[in-house]
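> Next input, structure requested:
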Amino acid sequence: MLTSPVIWLSRLQWSEVTGYWLLVTGCWLLVTGYWFLQIDSLFMSYKNLEIWKLAEELVIEIHEMTLSKLPKFEMFEVGSQIRRSIKSVKATIVEGYGRKRYKAEFIKFLIYALASNDETTDHLETLFKTKSLTDEALYNSLHAKLQTLGKKINLFIKGVAGTDWNSGQQPVTSNQQL
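This next block holds a predicted model:
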């Protein structure tokens with residue numbers, strides 16, 4: 001039984017688990033039945049977003065891959081392009097988060113991040129198909145992470161779009177397709 005006051009957060013943090021998440025004196029509780037886009041305390045940052053964390057991980061892995069696993073001539077061609085496109089994913093998530101006060105702006109930048117993620121996937125596929133990247137295990141790992149990131153960004157966009165931006169607390173029923 002809860003004896004502590006319940007505090008709703010007021011900024012964006014996507015919960016992928018079905019249910020309402022409540023912050024009760026420092027502990028998260030799940031009340032089942034709904035998807036919920038919730039949201040901000042004084043400590044909320046874009047660095048808490050799962051999509052940003054995955055994008056940062058990919059930036060590091062792709063940067064290292066381009067410097068150590070590609071032929072030297074590719075470092076300044078597709079290697080350079082793939083580094084810029086994955087860094088753009090992360091940067092546009094940050095820029096969109098900075099504009100989160102305006103729902104349409106936030107969604108616009110998340111869509112840009114999704115497009116840059118697709119561009120990164122295309123560059124990775126090109127490197128593998130042209131045999132510039134020969135490490136199949138690395139290719140499969142990076143490709144799977146890029147696909148996961150794309151799905152998560154897409155779900156995040158749908159979550160933001162389905163939220164009443166004025167109250168910041170409109171749930172979307174779990175029966176709806178996200």
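> need the helices for this structure, in chain order.
Ranges of helices in the chain, per DSSP state H, are 50-68, 78-98, 103-129, 136-161.
> now the last one: mean pLDDT?
Here the mean pLDDT over helix 136-161 is 96, rounded to a whole number.
> what does the first one give?
In this model, helix 50-68 carries a mean pLDDT of 96.
> Now do the contacts for residue 106.
Taking Cβ atoms under 8 Å, 6 or more residues apart in numbering as the contact definition, residue 106 lies against 12, 96-97, 99-100, 160. Yep, even glycine has a C-beta here, placed from its N, CA and C like the rest.
> What distance do you get for it to residue 56?
19 Å (Cβ to Cβ, to the nearest Å).
> As TSV, the helices of the chain with distance to residue 44 would be great.
Below are those laid out as TSV (distance: least, Cβ to Cβ, whole Å):
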stretch	distance to residue 44
helix 50-68	12
helix 78-98	9
helix 103-129	14
helix 136-161	14
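> winner for burial among these?
Comparing the helices of the chain by mean neighbour count (mean count of other Cβ atoms under 10 Å), helix 78-98 comes out on top with a mean of 21.
> residues making contact with that one?
Contacts for helix 78-98 (Cβ under 8 Å, 6+ apart): 12, 46, 49, 51-52, 55-56, 58-59, 62-63, 66-67, 70, 105-110, 112-113, 116-117, 119-120, 123-124, 126-127, 132, 149, 153.
> Mind doing that once more with 7 Å?
46, 49, 51-52, 55-56, 58-59, 62-63, 66, 70, 106, 109-110, 112-113, 116-117, 119-120, 123-124, 126-127, 132 (Cβ atoms under 7 Å, 6 or more residues apart in numbering).
> Mind pulling up the pLDDT for residue 5?
With respect to pLDDT, residue 5 scores 37.
> Relative to residue 62, how far out is residue 81?
Distance, residue 81 to residue 62, using Cβ to Cβ: 11 Å.
> For the contacts of residue 106, give me CSV that also has distance to residue 85.
Listed next are those as CSV, based on distance: Cβ to Cβ, whole Å:
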residue, distance to residue 85
12, 24
96, 16
97, 19
99, 21
100, 23
160, 23
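> pLDDT check: weakest of those residues?
Lowest pLDDT among the contacts of residue 106: residue 12, with 42.
> Many thanks, I have nothing further to ask.
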